[in-house]
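Trainee: Kindly return the folded structure for what I paste below:
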Amino acid sequence: MGRYKPPAPAKSPYITQTGYAQLKQEEQGLWVRRRDVTKALAAAAAEGDRSENAEYIYRKKELREIDWRIRYLQKRLPALKVVDQLPGNQQQVFFSAWVWLEDKDGSEQSYRIVGPDEIGMQADYISLDSPLAQALLGRSLDDQITVETPSGMRQYWIVDIRYDEDR
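Mentor: Numbers count the residues shown, from 1 in each chain. Below is the predicted model:
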């Protein structure tokens, strides 16, 4: 009897225009790469015994990973909602905002709130679904927030909010 694994919670469907363009570009690049991997796989298969052919086994695995990512992007891209307009009140934190936070020690950190599909694109991007982003949404300059982190409760003060594409 297998173990039941409940489905993961649904991700937010929001994405910035830049993030959407990067995902589309990734999908197109995967199709080109798939063509090359398929040719290499056919050449490896022509060498004979496939059970001990490391090149064949590697290419099959690579092709499987590419196909998985292409399938994911083909399902995910049509479901995404591109947010390309700035909010009416830019003094509050909303989607796509750059937010500068200061902790009680006086050290500052900056984050940009983006969709969950964009968080790997830059180190300082955080997902709209993350606890920190959820605590920030709707807050204003000089507001204090409290967030539970793996190391305990942390307090931050919002010291700057911007909506530029780059900081």
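Trainee: rest of the way, CA atoms for contacts and neighbours
Mentor: Fine.
Trainee: For the protein, which segments are assigned as helices?
Mentor: 17-45, 54-79, 131-136 (DSSP state H).
Trainee: which of those helices is buried the deepest?
Mentor: With neighbours defined as mean count of other C-alpha atoms under 10 Å, the helices of the chain peak in mean count at helix 131-136, which reaches a mean of 18.
Trainee: just checking, what packs against that helix?
Mentor: Applying 3 or more C-alpha pairs under 8 Å, 6 or more residues apart in numbering; DSSP states H and E, one finds that helix 131-136 contacts strand 144-149.
Trainee: Next, the buried residues of the strand it packs on.
Mentor: Going by neighbour count (16 or more other C-alpha atoms under 10 Å), the buried part of strand 144-149 is 144-145, 147.
Trainee: Could you list the paired strands of the helix-or-strand element of the chain with minimal mean pLDDT along with their orientation?
Mentor: Every helix and strand in the chain was compared by mean pLDDT, DSSP states H and E; the lowest is strand 144-149, with a mean of 90. Strand 144-149 sits in its sheet next to strand 152-162 (antiparallel), going by DSSP bridges.
Trainee: Please identify the buried residues of the strand it pairs with?
Mentor: Buried positions in strand 152-162, judged by neighbour count with 16+ other C-alpha under 10 Å: 156-162.
Trainee: just those residues now: which is nearest Ala21?
Mentor: Nearest to Ala21 out of the buried residues of strand 152-162 is Arg162 (C-alpha to C-alpha; 21.8 Å).
Trainee: From the centre of the protein, point out the most distant residue.
Mentor: Each residue of the chain has a distance to the centre, and by C-alpha atoms, centre = their mean the biggest one is for Gly48: 41.1 Å.
Trainee: In JSON lines, list the buried residues of strand 152-162 along with pLDDT and distance to Lys81.
Mentor: Shown next, in JSON lines, are the buried residues of strand 152-162 (pLDDT from 0 to 100; distance: C-alpha to C-alpha, whole Å):
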{"residue": "Tyr156", "pLDDT": "94", "distance to Lys81": "30"}
{"residue": "Trp157", "pLDDT": "95", "distance to Lys81": "30"}
{"residue": "Ile158", "pLDDT": "94", "distance to Lys81": "27"}
{"residue": "Val159", "pLDDT": "95", "distance to Lys81": "29"}
{"residue": "Asp160", "pLDDT": "93", "distance to Lys81": "27"}
{"residue": "Ile161", "pLDDT": "94", "distance to Lys81": "23"}
{"residue": "Arg162", "pLDDT": "93", "distance to Lys81": "21"}
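Trainee: For the residues you listed, give me JSON lines that also has distance to Asn53.
Mentor: Converted to JSON lines, the buried residues of strand 152-162 look like this (distance: C-alpha to C-alpha, whole Å):
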{"residue": "Tyr156", "distance to Asn53": "56"}
{"residue": "Trp157", "distance to Asn53": "58"}
{"residue": "Ile158", "distance to Asn53": "57"}
{"residue": "Val159", "distance to Asn53": "58"}
{"residue": "Asp160", "distance to Asn53": "57"}
{"residue": "Ile161", "distance to Asn53": "56"}
{"residue": "Arg162", "distance to Asn53": "55"}
